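In: sequence first, then the predicted structure, then my questions.
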Amino acid sequence: MQLSWENLLERIEHCQKCTLCSGIHNKVPGQGNTHAKLMFIGEGPGADEDMQGLAFVGAAGKLLTKMIGAMGYTREDVYICNVVKCRPPHNRAPELDEMESCMPYLREQFLLVHPKVIVLLGATAAKAVLGDHIRITRDRGKWVEKKGFYFMPTYHPAALLRDESKKKDAWEDLKQVMKKLSELEEKDDALA
Ligand code: URA
């Protein structure tokens with residue numbers, strides 16, 4: 001099948017593969033630079049995201065915007081999305097079957113954007129993408145390379161809002177991401 005954004009967004013919009021869609025205002029597919037080198041993946045939309053149909057626009061999103069800015073980028077430079085595209089009720093974590101239903105959409109987004117580096121925000125995203133063995137406190141800050149793509153698990157911005165002491169570690173993780181991106185760029189330049 002030929003992948004296209006139009007087709008993907010249309011299927012997300014009409015998706016009823018799990019029950020999450022029954023209580024929502026909007027699907028939240030994700031947004032940003034569709035050719036970004038850097039992709040951020042969160043857990044699932046919250047109340048603000050559900051109302052606006054946009055990923056990471058609430059309190060955690062504001063912090064994510066600051067984090068992206070501190071890295072020297074804008075939100076328009078990167079691609080931002082979530083594991084599930086519908087808000088789980090009462091902001092609970094998405095269930096396994098809900099994530100499984102939604103993962104094909106994330107895979108297609110990944111193939112379309114083709115980022116070099118992917119930041120996994122929090123345990124849910126890290127487990128969904130890298131496997132259930134991931135423990136965010138143990139595995140954050142450690143690169144996982146798969147088929148030439150670089151995955152960096154780090155704390156979810158909501159966790160940083162709850163516990164400011166985690167911010168220092170999260171910043172170390174993001175500094176590693178900046179370093180990796182500039183190394184990969186240098187490599188590209190050398191090959192050009
Ligand atoms: N938390 C997430 O994981 N994603 C959002 O889009 C907002 C909050």
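Out: Perfect, thanks for sending it.

In: quick one: residues in contact with the strand or helix carrying residue 138.
Out: Element membership for residue 138, per DSSP states H and E: helix 136-139. Contact partners of helix 136-139, identified using Cβ atoms under 8 Å, 6 or more residues apart in numbering, comprise 122-123, 126, 153-155. Bear in mind the C-beta positions are built from the backbone N, C-alpha and C, glycine included.

In: kindly recompute the last result at 6 Å.
Out: 123, 126, 153 (Cβ atoms under 6 Å, 6 or more residues apart in numbering).

In: show the average pLDDT along the one helix or strand the second one maps to.
Out: Taking DSSP H and E as the definition, residue 126 sits inside helix 123-130. The average of the pLDDT scores along helix 123-130 is 98.

In: bridged to the closest residue to the ligand within the chain, which residues?
Out: In the chain, no residue comes nearer to the ligand than residue 42, which is 2.9 Å away by Cβ to the nearest ligand atom. Beta bridges link residue 42 to residue 82, judged by DSSP bridges.

In: that one touches residue 119, doesn't it?
Out: No: using Cβ atoms under 6 Å, residue 42 is not in contact with residue 119; the gap is 9.5 Å.

In: ok, back up a step: helix or strand right after the helix holding residue 138?
Out: As assigned by DSSP H and E, the chain's next helix or strand after helix 136-139 is strand 144-146.
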